[in-house]
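J.: Here is a sequence together with a model predicted from it:
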Amino acid sequence: MDVTVATTFDAPRPLVAAVAGDPDQAMRWYANIRSVRWQGPSELVEGARIDFVARFLGRQLAYTYVVVELVPQERMVMRTDDGPFPMETTYCWWDEEPGDGGRPRTGMSVRNAGRPSAMTTLASGAVTLGMKRAMRRDLERLRLVLREEQDAQATG
């Protein structure tokens, strides 16, 4: 399974990367994430370990991600160290052409690649479609969170 979704946000890259790349923010925009817990200091650095509990296709999944690559505001790669199956998630951010009035715009992609267990391999087409649909919905939720953040900055 290898699923990538991408979109463009009407927000500056530092804000998009700060919200989307912060595991502590995950429950705000990932519909399926139920809990996030750092193993050790809650510092986003290569080698950081983060426990997630998620609900996907009617199942609860508990897994530990390790940050294996981090280029601030450009790319973050996390790989499961413990969980139901090997998975790697990659976030990328880039500048897009400015929007109306010169407002900054940011492109973002999320890629989930992994090898589902034998049980989910039988339904891998459905799993892939479900994952792509969920990832698109999550990016739309992220769009709302980014608007909230921008509104708070404008009034604060």
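T.: Thanks, I have the structure now.
J.: sec struct for the residue with the largest distance to the centre of the chain, please.
T.: The centre of the chain is farthest from one residue, Gly101, which by CA atoms, centre = their mean lies 28.9 Å away. Following DSSP: H, G, I helix; E, B strand; the rest coil, Gly101 is assigned to helix.
J.: can you check Gly125 too?
T.: Gly125 is classified as helix under three-state DSSP.
J.: State the distance from it to Arg111.
T.: 18 Å (CB to CB, to the nearest Å). Every residue, glycine included, has its C-beta placed from N, CA and C.
J.: Settle it for me: which of the two has more neighbours?
T.: Arg111 (16 against 9; other CB atoms under 10 Å).
J.: That one contacts Thr90, correct?
T.: Yes: Arg111 is within contact range of Thr90, at 4.4 Å (criterion: CB atoms under 8 Å).
J.: chain center to stretch 41-54, what's the gap?
T.: Its chain's average C-alpha position is 13 Å from that of stretch 41-54, according to CA atoms, centre = their mean, to the nearest Å.
J.: That one - what's its average pLDDT?
T.: Stretch 41-54 comes out with an average pLDDT of 95.
J.: That one: end-to-end distance?
T.: End-to-end distance for stretch 41-54, by CA to CA, to the nearest Å: 22 Å.
J.: Can you list the residue ranges for helices in this structure?
T.: 13-20, 26-29, 118-121, 124-155 (DSSP state H).
J.: same question for the longest one, mean pLDDT?
T.: Along helix 124-155, the predicted confidence averages to a pLDDT of 90.
J.: and the angle for that helix with helix 13-20?
T.: Counting by axes from the mean of the first three to the mean of the last three CA atoms, to 10 degrees, helix 124-155 lies at 120 degrees to helix 13-20.
J.: which of the residues in helix 124-155 are buried?
T.: 127-128, 131, 134-135, 138-139, 142-143, 146, 149-150 (16 or more other CB atoms under 10 Å).
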